[in-house]
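S.K.: curious how this folds, go ahead:
(chains A and B)
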Amino acid sequence: MFVETGNMVILTTRTLVSAVRPPYPYGGELVEQFYFALKLCWFPLLISTFALNLGAPGLQAAGPLQVFGALDRLGGFFVLTAIRWIGPVVTAVVVSGVAGTAITADLGARKIREELDALQVLGVDPIKNLVVPRFLALMVVTALLDIFAIVFGLGAGIAAELLYHQSLGGFFATLFSNASVTDLWGSILMCTIFGAIIAVVCSYKGMTASGGAAGVGRAVNQAVVISLVGVFAFSYVFTAVLLATNPELQTIR
Amino acid sequence: MIGWLDAPRSWLDSFGEIARFGSQVAGQVYSGRVLRFFGEGIRQAGILILGSALIIWVVIFILGLQCGLQGAYFFRAQGAPAYAGLFSAFCDLREALPYAFGYILSAKVGTGIVAEIGAMRISDEIDALEVMGVPPITFLCATRLLASWIALPFIYLVGIGIMYFASYLAVVNQVGDVSSGGYQLIFWMFQSPTDLVFSMIKGMAMATVIVLVGCYYGYTASGGPVGVGTATAKSMVFNIVAVHILGMLGTVVFWGANPRLPIGG
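M.R.: Just a heads-up that it's a prediction; the model follows:
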């Protein structure tokens, strides 16, 4: 386990170094991977984020708020849920489950068919040509999909308000008075790092797949488990640091 | 434009096939035909407990910390830090626990089943089973469903305890705005045994779907080692969407009309 973690850190460093070192042959692959991840992820993300935001913060919080007669406060609550917590986490879960597994399956298949070794023999660096474009593309895609997730999460909040026959003026008023730029940037920064974690873990697991037919499947299995644990652990640390160092997020307006 | 609609269309397509396959497997369990292979079912349950329980609990623990943290800071902002228990009671039992369970189950158990059964399919072991007169759906899929119904409720119950402990740690020990007794008063006030049963129904519905989806994609894998990897990836996509939809439906059905709060008359 520790050896694997170390290897992933080594892979991250090598990826970062070869991403900035001059020959940049990965432009086309970068665009292709970006488009590929976006095409795979948008539909699952749309359904997931809407369902999760309608159920968890929408209806569960609307219950108590209705008892207190303060349903307009749901907008302020959605800053916490849709922007600060659920948006990034759902995006990470969907990206790791959809794009991450596809990356591992793809690279694992190439490894099993010994294409990666062939590339190396031909003098093509697999890290520069395969891992770097995936790494960069996934970072950007996860950050962009986070905005998408926030928008649809707020849409779910609006749906919850409408289910309780509430006018939307109060929702938007408390939403916009409580939302802050720090929250939004925190959310997007968190998602960018999620994308990096997912890309490194999934590329590493794909590039080290072994053992024939069962091997690729097992690699995908381990990749998604490790990236989920990594994402959840990182989101806890990040949220704790963000909330503790930004006291202005803790005032209600 | 067609490329963008590929995902929803193929998703709907496979939904019907999975429903048919799943009802077949569930029928094998309900009719008791799976009891012929009861020993295999127990073995699968053992694999589930030894292989997956720990990682499920680790993820549940981390999400419990998150729940406590968010609740503590939210209620500090409201000026009522003592009520952090309200948030963590709702978040832990009703929402985050089923979702965490569903996420990690689809990642660990669902894709694991696809990789395992898919490898068997690729190396023609399933055909060999059929030739030997062993019904493969019963032997491979129904036993796994039985195993998940035997083992997962207990893993879920232990997970509830672990999540409560994690939220307690985050609210009382990490943020520390509220005393232990004050937190627990509110925390236990806002939940009831009925909520626990509802939460468990949600979690078990997710587990059933995940195991069936895993069995389907593994059983129908094709195209060599690459095919197994692709099938594993596809099962994960389907599982994530299914977990979220089941979670929302559960919330709407169980707590949508009646939030079950000990407030007012």
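
S.K.: quick one: secondary structure of residue 118?
M.R.: All of this is about chain A. Classification of A:A118 using DSSP: H, G, I helix; E, B strand; the rest coil returns helix.

S.K.: and for the residue of the stretch 151-253 of chain A found nearest chain B, the neighbour number?
M.R.: Proximity of the stretch 151-253 of chain A to chain B (CB to the nearest CB) peaks at A:G217, 2.7 Å away. Bear in mind the C-beta positions are built from the backbone N, C-alpha and C, glycine included. Residues lying near A:G217 (other CB atoms under 10 Å in any protein chain shown) number 36.

S.K.: got the buried residues for stretch A:61-78?
M.R.: Neighbour counts over stretch A:61-78 (16 or more other CB atoms under 10 Å in any protein chain shown) mark A:61-65, A:71-78 as buried.

S.K.: what about it, near chain B?
M.R.: Yes: applying CB under 8 Å from any CB of the partner chain, one finds stretch A:61-78 touching chain B at A:61-64, A:66-68, A:77.

S.K.: which strand or helix spans the residue in the stretch 1-150 of chain B that chain A sits nearest to?
M.R.: Closest to chain A within the stretch 1-150 of chain B is B:A115: 2.7 Å, counting by CB to the nearest CB. Per DSSP states H and E, B:A115 falls inside helix B:111-122.

S.K.: packing partners for that helix?
M.R.: Contacts defined by 3 or more CB pairs under 8 Å, 6 or more residues apart in numbering or on different chains; DSSP states H and E place helix B:111-122 against helix A:212-245, helix B:193-219, helix B:224-251.

S.K.: one step back: which one of the residues of stretch A:61-78 next to chain B is nearest chain B?
M.R.: The shortest separation between chain B and any of the residues of stretch A:61-78 next to chain B is 2.5 Å, and it belongs to A:G63 (by CB to the nearest CB).

S.K.: which residue is nearest the middle of chain B?
M.R.: Centroid check for chain B by CA atoms, centre = their mean gives B:G102 as the closest residue, at 2.7 Å.

S.K.: where does chain A have low pLDDT?
M.R.: A:213 (pLDDT under 70).

S.K.: quick revisit: now, of the helices and strands packed on helix B:111-122, which is deepest in the fold?
M.R.: Comparing the helices and strands packed on helix B:111-122 by mean neighbour count (mean count of other CB atoms under 10 Å in any protein chain shown), helix B:224-251 comes out on top with a mean of 25.

S.K.: do that helix and chain A meet?
M.R.: Yes: using CB under 8 Å from any CB, we find that helix B:224-251 touches chain A at B:224-226, B:228-233, B:236-237, B:239-241, B:244-245, B:247-248, B:250-251.

S.K.: does the nearest residue to A:Y164 once chain neighbours are set aside lie in a helix or a strand, and which?
M.R.: Leaving out its chain neighbours, the residue that sits closest to A:Y164 by CB to CB, 6 or more residues apart in numbering or on different chains is A:A62, at 5.4 Å. Per DSSP H and E: A:A62 is located in helix A:60-68.

S.K.: and the helices in the chain?
M.R.: Since no chain was named, I'll use chain A. With helices called from DSSP state H, chain A shows them at A:2-20, A:27-53, A:60-68, A:74-78, A:87-95, A:101-112, A:115-121, A:126, A:132-163, A:168-178, A:181-207, A:212-245.

S.K.: that's the wrong chain, I meant chain B
M.R.: With DSSP H as the criterion, chain B has helices at B:2-30, B:38-78, B:84-89, B:97-104, B:111-122, B:125-131, B:136, B:143-168, B:180-189, B:193-219, B:224-251.

S.K.: these: which one's closest to A:V98?
M.R.: Between A:V98 and the helices of chain B, the shortest separation by CB to CB is 5.0 Å, and it involves helix B:224-251.

S.K.: could you tell me the angle between the closest one and helix A:60-68?
M.R.: In terms of direction (axes from the mean of the first three to the mean of the last three CA atoms, to 10 degrees), helix B:224-251 departs from helix A:60-68 by 10 degrees.

S.K.: just checking, what packs against helix B:224-251?
M.R.: Looks like helix B:224-251 contacts helix A:27-53, helix A:87-95, helix A:101-112, helix A:212-245, helix B:2-30, helix B:97-104, helix B:111-122, helix B:193-219 (3+ CB pairs under 8 Å, 6+ apart).

S.K.: right, I'll leave it there.
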